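In: what follows is a predicted structure for the sequence shown.
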Amino acid sequence: MIVWVIFILGIFAFLALDLGVFNKTAHVISVKEASIWTTIWVSLSLLFAFVIYWLYGNDHIENPDGLSPMLASIKYLTGYLIELSLSVDNIFVIAVVFGSFQIPQKYQHRVLFWGILGAIIFRALMIFFGVALIKKFSFTTYVFGGFLLFTAIRMLVDKDRPFNPKRSFVYRNLRKVMPITSKMDGQRFFIKVKHITAATPLFIALVVIEFTDILFALDSVPAILAITSDPFLVFSSNIFAILGLRSMYFFLAHMIKKFHHLKYSLVAILSFVGIKLILAHHYSFPEWLSLGFIAVALLTGIAISLLDNQENKE
């Protein structure tokens with residue numbers, strides 16, 4: 001458990017530094033600043049694969065599946081790429097939520113900070129129960145695999161419907177249980193309005209983002225369980241993808257519509273991992289194939305989107 005404790009303490013230590021030092025004062029995150037932090041997080045995430053190799057090579061962490069150091073590293077990288085690719089839709093939803101509640105850019109980082117903190121807790125719980133289910137009931141691999149295939153088909157055939165946070169189930173029911181105001185007072189989540197404590201748009205945006213992340217986790221957690229059921233690999237790859245989501249949001253928020261063909265990459269990835277889960281008890285896909293397929297699907301979606309944008313300009 002020492003590795004788990006050190007890893008979790010490291011996460012919370014960085015989050016404390018993030019809010020208390022690097023972003024102590026509310027400010028607009030520039031594209032340059034976002035690109036620097038995105039590079040840092042992606043680099044740290046990739047370098048952590050070497051830490052995984054060292055941990056599993058020296059038996060510093062429980063290895064329930066008996067993975068070799070190289071195989072553990074590949075599974076971690078594959079899981080990280082899956083989580084990173086599935087977060088693209090999440091970035092788009094976050095942008096819509098901020099726009100709908102008119103959250104000023106300089107306060108968006110604070111909302112995402114607390115949103116990420118909540119996401120870590122919810123993901124940890126979902127991973128714990130997901131791994132426990134797969135370990136105890138082998139048939140759950142068919143359930144998870146079928147769900148991912150259903151999600152991929154739905155994503156392919158459904159028309160893109162504009163998401164309106166103010167019509168969402170969360171917002172409508174939140175208004176019934178607490179006073180809500182459209183006024184804002186800096187970075188505060190609650191303010192006094194005529195002797196009544198009311199939730200500001202910052203808090204409403206936070207709650208909506210938290211619930212949408214839970215919905216996205218319903219896809220992403222089963223997807224990574226198709227790669228490995230090792231708790232530490234699943235958790236660490238999830239956490240690194242989540243921690244890098246904030247900087248990636250500020251980096252990609254204004255460009256996300258340019259990568260409209262990434263939708264088909266996500267369909268391909270979800271279909272692949274769904275099939276892998278369903279066939280888990282009958283055929284074992286080589287890990288290099290899983291990693292290669294996901295990387296090629298992502299790069300193909302990006303390349304086709306960029307080429308399409310270039311043709312439209314001409």
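Out: Yep, it's here.

In: got the buried residues for the host helix or strand of Ile121?
Out: For Ile121, the host element (DSSP states H and E) is helix 105-136. Counting neighbours by 16 or more other Cβ atoms under 10 Å, one finds that the buried residues in helix 105-136 are 107-112, 114-116, 118-120, 123-124, 126-127, 130-131, 133-134. All C-beta atoms are positioned from the backbone trio N, CA, C, and that covers glycine.

In: how about the strands in this protein?
Out: 190-193, 196-199 (DSSP state E).

In: how far does the last one sit from its chain's centre?
Out: Relative to its parent chain, strand 196-199 has a centroid offset of 31 Å by Cα atoms, centre = their mean, to the nearest Å.

In: hmm, who's touching that strand?
Out: By Cβ atoms under 8 Å, 6 or more residues apart in numbering, the list of residues contacting strand 196-199 from outside reads Leu174, Met178, Pro179, Ile180, Thr181, Phe189, Phe190, Ile191, Lys192.

In: what about the closest residue to the second one other than its chain neighbours, neighbour count?
Out: When you say that, I think you mean Met178. Distances taken as Cβ to Cβ, 6 or more residues apart in numbering put Ala199 closest to Met178, at 5.6 Å, once the chain neighbours are dropped. Counted with other Cβ atoms under 10 Å, the neighbours of Ala199 add up to 19.

In: kindly report the same for Ile11.
Out: Counted with other Cβ under 10 Å, Ile11 comes out at 18.

In: and what of the one 5 residues further on?
Out: By the measure other Cβ under 10 Å, the count of residues near Ala16 is 10.

In: would you mind measuring from it to Leu279?
Out: Ala16 sits 44 Å away from Leu279, going by Cβ to Cβ, to the nearest Å.

In: ok, Phe251 next?
Out: As judged by Cβ to Cβ, Phe251 and Leu279 stand 37 Å apart.

In: likewise for Ser73?
Out: For Ser73 relative to Leu279 (Cβ to Cβ), the value is 24 Å.

In: so the two - more neighbours on which side?
Out: Set Ser73 next to Leu279 and count neighbours by other Cβ under 10 Å: Ser73 wins out with 23 against 15.

In: that one contacts Val51, correct?
Out: No - look at Ser73 against Val51 with Cβ atoms under 8 Å: they stay out of range, at 9.0 Å.
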